[in-house]
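K.L.:
sequence plus the predicted model coming up.
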Amino acid sequence: MKKALVTGASGFVGSHLVEQLLAKGEYEVYAAIRKSSSKKYLTDTRINFIELPYEDTKTLREILETCDFDFVFHIAGVTKTKNIDDFDRVNFRYVKSLVDCLQGLRAKLIFTSSFAAHGPADEVTNAPAKVCDECHPNTAYGKSKLKAENYIKENFNGKYIILRPTGVYGTRETDYYVYFKTIHNHLEPYLGFVPQRLTFIYGTDLADLCILAAQSPIANKTYFASDGRLYMDYEFAKITKDVMHTWTLKIKFPLFIVRFVVFVLDCISSITGKSFTLNKDKYNILKARNWDCDVSDLKTDFGFEPKYDLKQGVEEAIGWYKKEKWL
């Protein structure tokens, strides 16, 4: 059996990836989690748990050499934090440590980056973002992901694939859940007055793509990851309302008002240490109008066919939230 390591295994995407690797029956799966991490979605007795000391590269190298993985799926990272330095520490420096310690080993690295590493697509022409574009990330999170991407490309002498998912949603996810809960409470919020162009990928589809990228002989390339469809923000809202069979009150917030609210929340966060879903990074993402991307190479190179479009994904996700009594 091939040996696969999944970092960030207790998270939304990581836990689905662990499940799907085990379901194939071809992998000995190692789940890298912190001692404090929940194992709620990691109950399969076949899972081998491991802790990676990213700040102790000597020990990290010894672990990686001893385990001799075929594939390393690096999913771990932070998307929001009270301390902006954590973006660089976790999303870049931990990746640097991992890459340095994988040098000379046989493992193929699948690095989950983000559309945020590129930054919004062109808002004048509305052309989709392409991998060959010059990157202009507009968030601290995106900048840290791009920094990690560049380090891999410039320094890793092994095989790698970099995936840049767009909006990832699905069962177990907590950020889009906030939006679904808002619709559930009969509010339909919009930022600004120009419709936003959105793209999505369902969590289990992203996990499938990670496995396809690992199994493929293709290496040392970067890809955007979405379901291949473009949605307007009002379409996302309509699909969600239709699935919930509910009504909403539409509210359009001028950007300057939201910017002020974000400033207040960031001040509260710095005092209390609590992280909010709406923060400066999130505001910069929400104010951008074009999050379209070209994913034609996913089918060409990996034969990737997403199982979910937005309607199917929202139906399943909301069904799960209701079952778990989140909604």
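P.N.:
Thanks, I have the structure now.
K.L.:
can you show me the strands along the stretch 51-200 of the chain?
P.N.:
71-74, 108-112, 160-165, 167-169, 187-191, 197-198, 200-202 (DSSP state E, counting those that start in this stretch).
K.L.:
could I get these as CSV with distance to K250 and mean pLDDT?
P.N.:
Backbone N, C-alpha and C define where each C-beta goes, glycine included. Listed next are the strands of the stretch 51-200 of the chain as CSV, based on distance: least, C-beta to C-beta, whole Å; pLDDT from 0 to 100:
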stretch, distance to K250, mean pLDDT
strand 71-74, 40, 98
strand 108-112, 34, 98
strand 160-165, 28, 98
strand 167-169, 21, 97
strand 187-191, 5, 93
strand 197-198, 17, 98
strand 200-202, 21, 98
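K.L.:
could I get these as JSON lines with distance to Y41 and mean neighbour count?
P.N.:
Converted to JSON lines, the strands of the stretch 51-200 of the chain look like this (distance: least, C-beta to C-beta, whole Å; neighbours: other C-beta atoms under 10 Å):
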{"stretch": "strand 71-74", "distance to Y41": "16", "mean neighbour count": "27"}
{"stretch": "strand 108-112", "distance to Y41": "17", "mean neighbour count": "24"}
{"stretch": "strand 160-165", "distance to Y41": "19", "mean neighbour count": "24"}
{"stretch": "strand 167-169", "distance to Y41": "15", "mean neighbour count": "21"}
{"stretch": "strand 187-191", "distance to Y41": "30", "mean neighbour count": "17"}
{"stretch": "strand 197-198", "distance to Y41": "27", "mean neighbour count": "20"}
{"stretch": "strand 200-202", "distance to Y41": "16", "mean neighbour count": "27"}
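K.L.:
and those strands: which comes nearest F256?
P.N.:
Proximity to F256, assessed across these by C-beta to C-beta, is greatest for strand 187-191 (10.7 Å).
K.L.:
list the contacts for the nearest residue to P120 once chain neighbours are set aside?
P.N.:
Using C-beta to C-beta, 6 or more residues apart in numbering and skipping the chain neighbours, the partner closest in space to P120 is A288 (3.6 Å). Counting by C-beta atoms under 8 Å, 6 or more residues apart in numbering, A288 touches 119-120, 123, 138, 196.
K.L.:
of the residues you listed, closest to R164?
P.N.:
R164 has its nearest neighbour among the contacts of A288 in G119, at 10.9 Å by C-beta to C-beta.
K.L.:
does the nearest residue to N48 once chain neighbours are set aside sit in a helix, a strand or a coil?
P.N.:
Counting by C-beta to C-beta, 6+ apart, N48 lies nearest to Y30, which is 4.6 Å off, once chain neighbours are set aside. The local conformation at Y30, judged by DSSP: H, G, I helix; E, B strand; the rest coil, is strand.
K.L.:
how many neighbours does Y30 have?
P.N.:
By the criterion of other C-beta atoms under 10 Å, Y30 has 22 neighbours.
K.L.:
same question, N220
P.N.:
N220: 12 neighbours (other C-beta under 10 Å).
K.L.:
state the phi and psi torsions of N48.
P.N.:
Here is the backbone geometry of N48 (degrees, to the nearest 10): phi -100, psi 120.
K.L.:
what's near enough to touch it?
P.N.:
For N48, the contact set (C-beta under 8 Å, 6+ apart) comprises 28-31.
K.L.:
same thing with R259?
P.N.:
Contact analysis of R259 by C-beta under 8 Å, 6+ apart lists Y283.
K.L.:
what's the pLDDT at it?
P.N.:
R259 is assigned a pLDDT of 85 by the prediction.
K.L.:
before we move on, what SS does it have?
P.N.:
Quick answer, by three-state DSSP: R259 is helix.
K.L.:
re the thing from before, the strands of the stretch 51-200 of the chain: which one's closest to A237?
P.N.:
A237 sits nearest to strand 187-191 of all these, at 5.1 Å, using C-beta to C-beta.
K.L.:
return the distance of that closest one from the chain's centre.
P.N.:
In terms of C-alpha atoms, centre = their mean, to the nearest Å, the centre of strand 187-191 is found 23 Å from the chain centre.
K.L.:
who does that strand pair up with?
P.N.:
Sheet pairing for strand 187-191, assigned by DSSP bridges, gives strand 249-253 (parallel).
K.L.:
quick one: average pLDDT of the strand it pairs with?
P.N.:
Rounded mean pLDDT across strand 249-253 is 94.
K.L.:
do a quick rundown of the helices in this protein.
P.N.:
Secondary structure of the chain by DSSP state H: the helices cover 12-24, 57-67, 85-86, 94-102, 140-155, 175-184, 203-215, 233-244, 255-272, 280-287, 296-302, 310-323.
K.L.:
between these, which gets nearest to G192?
P.N.:
Between G192 and the helices of the chain, the tightest spacing by C-beta to C-beta is seen for helix 255-272, at 5.1 Å.
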